[in-house]
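A.B. asks: got a structure for you, letters missing:
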């Protein structure tokens, strides 16, 4: 999902990019080094949807975002320029899973830059359908043809848009990438029969409407430019590198990437045709409508971009994901309306529910998901039920959309598929909205005490039917004294906004850090002060050593593992020197949170305050 609005607001209130010396990010926050902190409007930044809190101290001006901060940071860097970077918090993929995630991230980031254009094409299609149905403009008229060409050109010349966006990400001259794209779209190559290069017969491939060949081509172009820059003397690079890079890349695209793109597109098309002809695509529409908020939390919602583009290229419409996304967005809005009606008149919560509800209605659900759903959890149920029912109706009715559009403004575009298509889409979103509103109103808003104090003050949990619940535990991590999370000297963690957990005031000297579960190291910060572990049972644990210790740049920290490594419970992850960290002026408290706390009924500290033992630190109730 795009965080352009969030970053635009942050930049405006922070004093513009001219006020930024440098910016970095860690596991949960953007860290700014500002020229003048006095002009930053801190209180207004705190009220931005998507911002958890702001911490301004001698270390940095920190805007706390959450565990999806990487996506926010990446878009921010596109807006202000890479020269502002002070630290890159990503690591090179070390296994197949990391490689696949890198590919999906590349696709997502490339698509993000052109989403506005794709949405514009879909909305234009809706407007033209309305004008045609009302008789204002005939579908056979030149006027209609001109504006329909405006819509169609977006998809016909999609490789050009992809090339420009991918080149920006690859940090190469975008005009070289565009030349490669328009060459593929030329009449001599696009869909041409009996084409050959160096005696090798090429298959007839239509490059219009596709994105995989050009995306791979721009990636390869970047590699060629990089290596040519090392081989060719600097005095000749300006003249030779552009020409040679294009001459080398074009045959590779035609021989390798073109067929690969065709195979992938045909494979996706065959898979979904099989799905639609067997169990029916309605099941996927229903499932995605119900589950989209969870995917947003996991940062996985963007995986549908290439599938949607393939639908549009192969079928001319999307029968699943854009439909389901709109239904889910409207369900999120309904859940917030239910809470708005339930909230106390004049309260801050009522205002919040109204604001994020309107945002969801317009197709931007992140403020609601991260600002309300993650805190109260119950709205997830409203979307699962409301979105699931609405998605089932739309899927069974065969609703489809002609463009990559979602939210309230997308609804007129369904007229492009005919009145039957539009009517059933309206029925689906109305049902989705109504059911989600009713469910959210019915389940109610948990009291603040239910969300925080209960889990801190109670050392034991009374369960009326313990046999009906499952329980997991988190144990040995570091030697020290356990403290409640709300006593940690960091508001983002102490508030529970990043997940439930505990703090550990470590013993003196060198302290070892151990894995509390069997699992995989999903994140290891280059500064070795934070570990992300995903347990085999799905539990996601963040171990954050110290407060603001990212600024130590790895000093006083040692790591015995690497990102992608499998670890066993009790295995040594690394160590840190408490005394030296304290002497450097930093708080060494170890913070342990379950970042997917919302997936469980509760995460409960085993005790309010106790000296470290090998016993249980956290109980996770399922």
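C.D. replies: Now that the structure is in, tell me what you want to look at. A quick note: this is a predicted structure, and the numbers were derived from the prediction, not measured.
A.B. asks: so where does residue 237 fall, helix or strand?
C.D. replies: Element membership for residue 237 (DSSP states H and E) is helix 234-252.
A.B. asks: what's the helix or strand just after that helix packed up against?
C.D. replies: Using DSSP H and E, the next helix or strand after helix 234-252 towards the C-terminus is helix 258-277. Contact here means 3 or more Cβ pairs under 8 Å, 6 or more residues apart in numbering; DSSP states H and E; on that basis helix 258-277 packs against helix 212-231, helix 305-314. No exception for glycine: its C-beta is placed from N, CA and C like everyone else's.
A.B. asks: just so I know, which of the ones you listed lies nearest residue 416?
C.D. replies: Across these, residue 416 has its closest neighbour in helix 305-314 (12.3 Å, Cβ to Cβ).
A.B. asks: for the closest one, what is the average pLDDT?
C.D. replies: The pLDDT scores in helix 305-314 average 74.
A.B. asks: tell me the angle that helix makes with helix 258-277.
C.D. replies: Orientation check (axes from the mean of the first three to the mean of the last three Cα atoms, to 10 degrees): helix 305-314 against helix 258-277 gives 90 degrees.
A.B. asks: need the helices for the stretch 101-250 of the chain, in chain order.
C.D. replies: Under the criterion DSSP state H, counting those that start in this stretch, the stretch 101-250 of the chain carries helices at the ranges 115-133, 142-156, 158-170, 174-185, 212-231, 234-252.
A.B. asks: now residue 70: how far from residue 310?
C.D. replies: In this view, residue 70 and residue 310 are 26 Å apart by Cβ to Cβ, to the nearest Å.
A.B. asks: nope, residue 152 is what I was after
C.D. replies: For residue 152 relative to residue 310 (Cβ to Cβ), the value is 17 Å.
A.B. asks: which of those two has more neighbours?
C.D. replies: Neighbour count, other Cβ atoms under 10 Å: between residue 152 and residue 310, residue 310 has more, with 23 against 16.
A.B. asks: so in this structure, where's the weakest helix or strand by average pLDDT?
C.D. replies: Least confident helix or strand, the chain: helix 453-457 with a mean of 40, by mean pLDDT, DSSP states H and E.
A.B. asks: next SSE after that one?
C.D. replies: With elements assigned by DSSP H and E, the helix or strand that comes after helix 453-457 is strand 471-474.
A.B. asks: show residues contacting that following strand.
C.D. replies: Under the contact criterion Cβ atoms under 8 Å, 6 or more residues apart in numbering, strand 471-474 has outside partners 516-517, 535, 537, 539, 541, 592, 594, 606, 616-622.
A.B. asks: returning to that earlier point: got the buried residues for the helix holding residue 237?
C.D. replies: 241, 242, 244, 245, 246, 248, 249, 250 (16 or more other Cβ atoms under 10 Å).
A.B. asks: enumerate every residue touching the second one.
C.D. replies: Applying Cβ under 8 Å, 6+ apart to residue 242 gives the contacts 173, 176.
A.B. asks: please repeat the previous calculation with a cut-off of 10 Å.
C.D. replies: Shown in contact with residue 242 (Cβ atoms under 10 Å, 6 or more residues apart in numbering): 173, 175, 176, 179, 225, 228.
A.B. asks: need the pLDDT of it.
C.D. replies: On pLDDT, residue 242 comes in at 92.
A.B. asks: then residue 59?
C.D. replies: pLDDT for residue 59: 55.
A.B. asks: again, but for residue 79
C.D. replies: For residue 79, the predicted pLDDT is 83.
A.B. asks: verify the stated contact: it with residue 12.
C.D. replies: No. Counting by Cβ atoms under 10 Å, residue 12 is not a contact partner of residue 79; they are 11.3 Å apart.
A.B. asks: max-length helix in the protein?
C.D. replies: Identified as the longest helix of the chain according to DSSP state H is helix 419-443.
A.B. asks: would you mind listing the buried residues in that one?
C.D. replies: For helix 419-443, by 16+ other Cβ under 10 Å, it's 421-422, 424-425, 428-429, 431-441, 443.
A.B. asks: how far does that helix sit from its chain's centre?
C.D. replies: Helix 419-443 sits 26 Å away from the centroid of its parent chain (Cα atoms, centre = their mean, to the nearest Å).
A.B. asks: neighbours of residue 198, how many?
C.D. replies: Neighbours around residue 198, by other Cβ under 10 Å: 6.
A.B. asks: you'd agree it is up against residue 250?
C.D. replies: No. If you go by Cβ under 10 Å, residue 198 and residue 250 don't touch, sitting 11.8 Å apart.
A.B. asks: assign residue 590 to helix, strand or coil.
C.D. replies: In three-state terms, and counting by DSSP: H, G, I helix; E, B strand; the rest coil, residue 590 is strand.
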